[in-house]
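>>> here is a sequence with its predicted model. Questions after.
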Amino acid sequence: MPLFIGSHTSIAGGYYRAAEAAGKLGMQTCQIFTKNSNQWRGKAIESSDIERFDETVKAYGLTKLISHTSYLINLASPSAELWEKSIAALTDEWQRAEQLHLVGLVMHPGSATDGDEVAGLERIQEGIRRAFQAAGPRRARLLLENTAGQGTALGWKMEHLAALLDAIDRPTYLGICLDSCHAHAAGYDLAAPDGTHQLVAELEKHQLLDRIHAIHLNDSKKPAASRVDRHAHLGTGTITTEGIRRFINHPAFRDLPMYLETEKGFDADGRDWDAINMEFARQLYAD
């Protein structure tokens with residue numbers, strides 16, 4: 001089977017534009033924002049938006065489309081006001097993902113800004129429960145993303161993710177999105193010959209392998225264990241070409257959909273960076 005890959009594409013000009021951009025580049029899928037990522041709420045999605053989006057997705061044969069939630073959401077916050085706003089925002093985004101017939105939405109677990117890791121995890125658990133009850137999802141799975149561990153962010157330890165999944169126990173509607181850059185920056189040195197194997201062993205230890213439903217495929221500008229989240233184009237960062245090769249070809253990840261979140265734009269020759277990264281990954285996968 002060929003590498004199943006897409007990227008995060010822009011909804012500027014309409015949701016269908018994101019699917020169109022992915023399709024024109026020869027991708028099989030894409031990730032989108034369902035609203036402005038710097039706002040708490042977005043305007044209502046019109047039926048005409050959904051219809052045109054669905055038509056474009058079908059025209060290009062795209063599947064397994066997902067969204068990424070707003071970075072404003074912080075279910076680990078000790079602030080009651082921010083916590084409540086985060087629950088409402090997650091509920092809204094979950095419903096929007098359902099409207100657009102997406103299979104999942106990715107969310108960073110949150111930051112315990114008071115330094116209380118245990119309490120932060122408990123707040124995330126309760127926040128997700130409340131959002132789930134309010135959103136009533138039937139299709140879209142909430143995917144908790146591992147983080148680089150910057151600042152007070154939770155989710156950089158696999159036991160954090162395991163604790164959240166175990167406590168909520170909604171296997172049909174909850175899972176994981178594994179980010180290669182974040183894992184590397186958190187301390188799982190993917191540039192090392194056995195780095196991917198050690199990461200997989202950690203995932204197995206916490207019974208998380210079967211809960212991964214998406215991969216964010218990114219190189220890292222910062223070194224392993226830096227705890228700094230900075231994405232790089234594939235093969236140009238500290239994970240290295242060989243590290244990326246080992247990661248995407250590992251049996252644990254080979255059949256999972258992968259989504260690029262690398263910098264947009266064009267290289268000196270005018271080539272689209274999404275196309276460059278996608279082709280780079282496909283060549284490594286074919287090897």
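Received the coordinates, thanks.

>>> looking at stretch 176-194 now, give me its mean pLDDT.
The pLDDT scores in stretch 176-194 average 98.

>>> and the gap between residue 232 and residue 149?
As for residue 232, its distance to residue 149 is 18 Å (criterion: CB to CB, to the nearest Å). In this view, the C-beta of every residue, glycine as well, is placed from N, C-alpha and C.

>>> typo on my end, it should be residue 219
For residue 219 relative to residue 149 (CB to CB), the value is 18 Å.

>>> more neighbours: which of those two?
More crowded of residue 219 and residue 149, by other CB atoms under 10 Å: residue 219, with 27 against 21.

>>> ok, the residue nearest to that one when sequence neighbours are not counted - contacts?
Spatial nearest neighbour of residue 219, chain neighbours left out: residue 237 (3.3 Å); criterion: CB to CB, 6 or more residues apart in numbering. By CB atoms under 8 Å, 6 or more residues apart in numbering, the contact set of residue 237 is 181, 219-221, 231.

>>> and if you look at residue 22?
Contacts of residue 22 by CB under 8 Å, 6+ apart are 6-7, 9, 29-30, 60, 62.

>>> report the secondary structure state of it.
helix (DSSP: H, G, I helix; E, B strand; the rest coil).

>>> to what extent is residue 265 buried, counted in neighbours?
9.

>>> where's residue 285, which helix or strand?
In this assignment (DSSP states H and E), residue 285 forms part of helix 273-286.

>>> which outside residues touch that helix?
So helix 273-286 is in contact with 2-3, 5, 7, 9, 25-27, 217, 233-235, 241, 244-245, 248-249, 254, 258, 260, 262-267, going by CB under 8 Å, 6+ apart.

>>> list the ones among those residues that fall in strands.
5, 7, 217, 258, 260 (DSSP state E).

>>> just the helices in the stretch 101-250 of the chain please.
Assigned by DSSP state H, counting those that start in this stretch, the stretch 101-250 of the chain shows helices spanning 117-135, 158-168, 180-186, 195-205, 240-249.

>>> how far does the second one sit from its chain's centre?
Using CA atoms, centre = their mean, to the nearest Å, the mean C-alpha position of helix 158-168 is found 17 Å from that of the whole chain.

>>> how about that helix: buried residues?
Under the neighbour-count criterion of 16 or more other CB atoms under 10 Å, helix 158-168 has 158, 160-165, 168 buried.

>>> if we take the residues you listed, which one ends up nearest to residue 188?
Taking CB to CB as the measure, residue 158 is the one of these closest to residue 188, at 8.9 Å.

>>> list the contacts of that closest one.
146, 202-203, 205-206, 208.

>>> hmm, back to that, tabulate the buried residues of helix 158-168 (JSON lines), appending distance to residue 105.
Below are the buried residues of helix 158-168 laid out as JSON lines (distance: CB to CB, whole Å):
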{"residue": "158", "distance to residue 105": "21"}
{"residue": "160", "distance to residue 105": "19"}
{"residue": "161", "distance to residue 105": "16"}
{"residue": "162", "distance to residue 105": "20"}
{"residue": "163", "distance to residue 105": "21"}
{"residue": "164", "distance to residue 105": "15"}
{"residue": "165", "distance to residue 105": "16"}
{"residue": "168", "distance to residue 105": "15"}
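
>>> now for the residues you listed: which two are most distant?
Farthest pair in the buried residues of helix 158-168, by CB to CB: 158 and 168, 16.0 Å.

>>> where does the prediction get shaky in the stretch 151-287 of the chain?
Scanning the stretch 151-287 of the chain for pLDDT under 70 picks out 287.

>>> at 90 instead, please
167-172, 286-287 (pLDDT under 90).

>>> coming back round to it: out of the helices of the stretch 101-250 of the chain, which is the most enclosed?
helix 180-186 (a mean of 28; mean count of other CB atoms under 10 Å).

>>> spatially nearest residue to residue 171 (excluding sequence neighbours)?
residue 211 (7.5 Å).

>>> from memory that neighbour sits against residue 173, does it?
No. Using CB atoms under 8 Å, residue 211 makes no contact with residue 173, being 11.7 Å away.

>>> part of a helix, is residue 94?
Yes. According to three-state DSSP, residue 94 belongs to a helix.

>>> tell me who's in contact with the closest residue in space to it that isn't next to it in sequence.
Distances taken as CB to CB, 6+ apart place residue 135 nearest to residue 94, at 3.8 Å, with adjacent residues excluded. Shown in contact with residue 135 (CB under 8 Å, 6+ apart): 90-91, 94-95, 98.

>>> for residue 270, give me phi and psi.
phi 80, psi 10 (degrees, to the nearest 10).
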